[in-house]
Structure formats: structure tokens, C-alpha cells
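1. based on what follows, work out the 3D shape:
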Amino acid sequence: MKEELKNQLRVWAEKYNTVSFINDDPVQFPHRKRNNCKQDIEISGFITAYLSFGNRKQIIKTCNILDDMMGHSPYKYVMSKKWEKDFTKENSNSFYRMISHSQMNTIFSKLYSIYTSFPSMEDCLLEQTCGTPFDRMCNLFEISNKSPQKKINMFLRWMIRRDGIVDLGIWQKFSPSDLIIPLDTHVCRMAYTLGLTQSKSYTLSNTKTITNKLKEVFYDDPCKGDFALFGYGVENKQ
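-> Below you'll find the predicted structure:
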């Protein structure tokens, strides 16, 4: 990678990895819990990431509704099992876009099982089979680790990156160097335009290719480059 591009990526990362980013982004929800218990931050972060697709204003609207339903205390809500009535197994109606009430029930049930066995999701993750944080999360939630899984990688970025600006960095037992970028079609297009990848494909392989290129700039913290790609899109109105 040319030094000029490296420097530009650093500039964009610094410009957009700022507190002002939080106000219009779903990451505001776990940030609201920063003075709460660790479990509140984890649960708020995970559920917010799970719902983070589509229009950001609609995501934020839905997450506000859910936060109200949880009484602004996600951990207490999970452990109370109130979600069994709010999101019944039999209800196939939509809660947010294609996510049904039944699917929300499944997510809350999994969270309940985690917190009845472990003091935190981080501790639960440490008990998973060896591998990257991404592999462990996929194993924990029984989803494929062969696809990009943007939501999982975004949640991990929030929990593990430690600069304390946008990302919360409350998990101390995993390294930011092991993260991979949360890939969506927008990020993939930006990376392709900048020459960080020769592929426009939305695949795990391409995700790792882009992440490895970002390591040339942000060696120990490749996901800082996520802000640079966001910044490039904003600067160029793409």
C-alpha cells in the first residue's frame, strides 16, 4: 500500500473515530449503560448489534422501543424472564423488519442461559473452544463462522477496542489485533474503490483480506480502519 493512502486512512480514522459519531449511531445504546453493570453493557450492545441493519434512524427507533421495554436495565430484564411474555415463542409477527418476536425470544433465551452460568458474556466466551473472538462467538451462538457475520464483528469491535472513544473496550481478555472488520456492502465497496481488495464479494475471505490490508496501517488495531472506510464514504458521498 502506498504511503499516501496509509496517511489518508489515518486521517479519516482520526476524524471519524470521535464522540460526535455516537449521537447518530446505534452504538449510543451500550454507551447509555456505561455507568451501569458490565452485563447491561454486554446485553445492550449485543441486542443493538443484532438489530443493526437497514436505515439507521429506524434501527435507533426500534432500539429505543426495546430499551423502554427492558426498563433501561437489560440484565435485570433478561434475568426476570419478562421477555417470555413480551416475545412469545409462538408469535411469528415482525418485531423489526424480518426479525420476528419468536426470534427475539430465542435471543433472550440464549442470553438467559449465558448469564445463569457465567458472570459475564466475556467469561462465557473464554470457555468456548480455542480460536479468535469471532470463532468463539459463532460457536457460542451456533451460527456459521464461514460468512462475514457483520453484526457479530461489530459487537466484538464495541466490546474489545480500547481507545474509549466510540468503542467501549470493556473486555480486557481479548486483543483488538484479533478482530476482523464488520463487513457490509458499503464497507466492501469503499475498500474496493480504495484498492484494499480486488473483490466486491461479500464473503469472509474478503473480510479477512480487507482486515489484513488495514493491519498495514493499524497494525495492532485493524478495526480502527472501519472509521477510515466510513470516513472515505462520507468524504466522497458514497
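
2. the longest helix belonging to the chain: which residues count as buried?
-> Ranked by residue count and defined by DSSP state H, the top helix of the chain is helix 101-117. For helix 101-117, the buried set under the neighbour-count rule, 16 or more other CB atoms under 10 Å, comprises 101, 103, 104, 105, 107, 108, 109, 111, 112, 114, 115. For the C-beta atoms, the positions are set from N, CA and C on the backbone; glycine is no exception.

3. so where's the chain uncertain?
-> Residue ranges of the chain with pLDDT under 70: 238.

4. where exactly do the strands run in it?
-> 94-96, 99-100 (DSSP state E).

5. make TSV out of the ones you listed and add distance to residue 62.
-> Shown next, in TSV, are the strands of the chain (distance: least, CB to CB, whole Å):
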stretch	distance to residue 62
strand 94-96	5
strand 99-100	9
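
6. got TSV for those strands, with distance to residue 119 and mean neighbour count too?
-> Listed next are the strands of the chain as TSV, based on distance: least, CB to CB, whole Å; neighbours: other CB atoms under 10 Å:
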stretch	distance to residue 119	mean neighbour count
strand 94-96	29	17
strand 99-100	28	16
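
7. can you say which of these is nearest to residue 28?
-> Closest to residue 28 of the strands of the chain is strand 94-96 (CB to CB; 16.7 Å).

8. show me what that closest one is packed against.
-> helix 56-69, helix 101-117 (3 or more CB pairs under 8 Å, 6 or more residues apart in numbering; DSSP states H and E).

9. that older thread, just the residues contacting the longest helix of the chain, thanks.
-> Residues from elsewhere that reach helix 101-117, judged by CB atoms under 8 Å, 6 or more residues apart in numbering: 39, 43, 46-47, 50, 75, 78-79, 81, 83-84, 86-95, 121, 124, 140-141.
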